[in-house]
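what's the 3D shape of this:
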Amino acid sequence: MSGNEQAGRKVRMGMIGGGEGAFIGAVHRMAAELDGEIELVCGAFSSDPERSKRSGQTLYRLPPERCYPDYATMFKMEAERPAEQRMDFVTIATPNHVHFDAARAAIEAGFHVVCDKPVTHRLSDAQALQSLLEGSDRLFCLTHNYTGYPMIREARSLIASGVLGAVRRADCEYLQGWLATAEEETSNKQAEWRTDPARSGAAGCFGDIGSHAQNLLEFVTGQSIASLCADLNTWVSGRALDDDGNVLIRLSGGARGVISASQVAVGEENGLKLRVYGEKGGLTWSQMEPNSLRLTWPDRSVEIRRTGGPSITPAAADVTRLPAGHPEGYLEAFAVLYRDFARAVLAREAGEDFAPDVPGIVEGVRGMRFIEAVVESSAAGAAWLEI
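The predicted structure follows:
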């Protein structure tokens with residue numbers, strides 16, 4: 001029996017950010033509540049106190065007394081509530097520069113944390129957060145949501161079981177086109193902070209979507225990036241951060257590969273694609289058609305595995321909700337992380353041992369090492385650097 005079944009209650013969620021004009025706040029709420037195991041009960045939805053209160057009441061239909069002017073007030077007031085009412089964890093859905101202070105404050109106040117990626121604004125903050133968590137019993141989840149897709153779990157399981165043989169090459173590309181022009185100069189809130197070093201961090205495109213590609217490649221192959229050689233570009237005049245780039249990588253298990261990311265690839269929507277080739281076979285997965293996994297072999301026809309279809313591994317079946325032929329996409333994959341995190345929260349409360357299969361602070365620190373190494377390598381003329 002899972003911790004959730006045993007506890008017989010929903011896990012209570014708070015949110016920082018995700019107010020008016022934000023895209024990701026509504027996504028977090030929908031994903032968190034999809035399986036009926038979590039409910040949003042409070043939040044500090046904006047750095048502007050009035051907008052925060054208004055967002056909580058109009059966007060999320062929360063009572064006024066649970067819509068806080070800032071996260072410090074939220075942590076204080078929620079900690080004073082009876083145990084059966086207070087939030088269990090907080091989701092941080094803000095620009096990157098807020099992540100560290102908010103996560104640290106939440107952990108110190110006794111709350112579990114779900115945080116958008118990248119985990120912090122800089123590597124030193126990620127390491128400090130890791131040290132804080134190691135001395136705490138609080139749970140931490142980093143929302144690399146693409147790891148929740150059934151066919152991504154299928155790919156990881158096949159590679160781990162040796163079906164493809166030793167991995168020789170792993171490539172991941174993430175192509176978008178929405179920043180092909182100076183969108184940050186048109187009052188586009190999402191473009192403004194992502195292209196601002198003070199809020200985004202050392203990287204633009206590679207902090208935003210390149211980090212997803214890095215995490216997905218490592219998650220599926222089971223290997224970490226040991227060294228890299230990066231060539232970043234900034235194509236839009238006046239932009240302070242990269243909007244495109246390519247990175248050669250060497251993996252810990254000996255494989256080689258390339259990570260490509262761009263936000264100026266005109267016409268591309270959300271072109272995340274992973275290819276892995278072993279000595280016995282290869283696989284390809286695309287986020288634009290996430291319910292299919294293409295397997296290739298040297299001695300037989302191409303094989304297509306489908307979400308919910310016959311012969312999928314238990315790892316994929318565990319995160320599949322619908323019968324074959326019923327598409328499961330972005331929200332469902334996101335919800336997998338929230339489902340496992342909620343069960344871990346209740347298991348921790350019940351004194352049980354349940355390790356959720358979600359990215360955490362270790363992956364967060366690795367992501368920040370990758371981002372900073374990419375920027376450093378490119379600045380040094382595409383020098384090879386160890387991570």
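
Which stretches in this structure count as strands?
Counting by DSSP state E, the chain has these strands, from start to end: 11-17, 38-44, 89-93, 112-115, 140-142, 167-175, 225-233, 244-251, 256-262, 271-278, 282-286, 292-296, 303-306, 384-386.

right, and those - which one's nearest Pro314?
Between Pro314 and those, the tightest spacing by CB to CB is seen for strand 303-306, at 13.6 Å. Placement of C-beta: from N, CA and C, glycine included.

Could you list every helix and strand that the closest one packs against?
Of the remaining helices and strands, those touching strand 303-306 by 3 or more CB pairs under 8 Å, 6 or more residues apart in numbering; DSSP states H and E are strand 292-296.

For the strand it packs on, what is the distance to the chain centroid?
Computed by CA atoms, centre = their mean, to the nearest Å, the chain-centroid distance of strand 292-296 equals 24 Å.

so what's the residue lying closest to Leu123 once chain neighbours are set aside up against?
The shortest distance from Leu123 to any non-neighbouring residue, by CB to CB, 6 or more residues apart in numbering, is to Met368 (4.2 Å). Applying CB atoms under 8 Å, 6 or more residues apart in numbering, we find Met368 in contact with 118-120, 122-123, 126.

would you turn those residues into TSV with distance to Gly177?
Formatted as TSV, the contacts of Met368 follow (distance: CB to CB, whole Å):
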residue	distance to Gly177
Pro118	22
Val119	27
Thr120	28
Arg122	28
Leu123	29
Ala126	30
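
coming back round to it: could you export the strands of the chain as JSON lines, including mean neighbour count, mean pLDDT and distance to Ala324?
Below are the strands of the chain laid out as JSON lines (neighbours: other CB atoms under 10 Å; pLDDT from 0 to 100; distance: least, CB to CB, whole Å):
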{"stretch": "strand 11-17", "mean neighbour count": "26", "mean pLDDT": "98", "distance to Ala324": "30"}
{"stretch": "strand 38-44", "mean neighbour count": "24", "mean pLDDT": "98", "distance to Ala324": "27"}
{"stretch": "strand 89-93", "mean neighbour count": "27", "mean pLDDT": "98", "distance to Ala324": "32"}
{"stretch": "strand 112-115", "mean neighbour count": "26", "mean pLDDT": "98", "distance to Ala324": "30"}
{"stretch": "strand 140-142", "mean neighbour count": "26", "mean pLDDT": "98", "distance to Ala324": "29"}
{"stretch": "strand 167-175", "mean neighbour count": "22", "mean pLDDT": "98", "distance to Ala324": "26"}
{"stretch": "strand 225-233", "mean neighbour count": "20", "mean pLDDT": "98", "distance to Ala324": "35"}
{"stretch": "strand 244-251", "mean neighbour count": "21", "mean pLDDT": "98", "distance to Ala324": "33"}
{"stretch": "strand 256-262", "mean neighbour count": "22", "mean pLDDT": "98", "distance to Ala324": "31"}
{"stretch": "strand 271-278", "mean neighbour count": "21", "mean pLDDT": "98", "distance to Ala324": "22"}
{"stretch": "strand 282-286", "mean neighbour count": "21", "mean pLDDT": "98", "distance to Ala324": "17"}
{"stretch": "strand 292-296", "mean neighbour count": "18", "mean pLDDT": "98", "distance to Ala324": "11"}
{"stretch": "strand 303-306", "mean neighbour count": "16", "mean pLDDT": "97", "distance to Ala324": "6"}
{"stretch": "strand 384-386", "mean neighbour count": "12", "mean pLDDT": "97", "distance to Ala324": "44"}
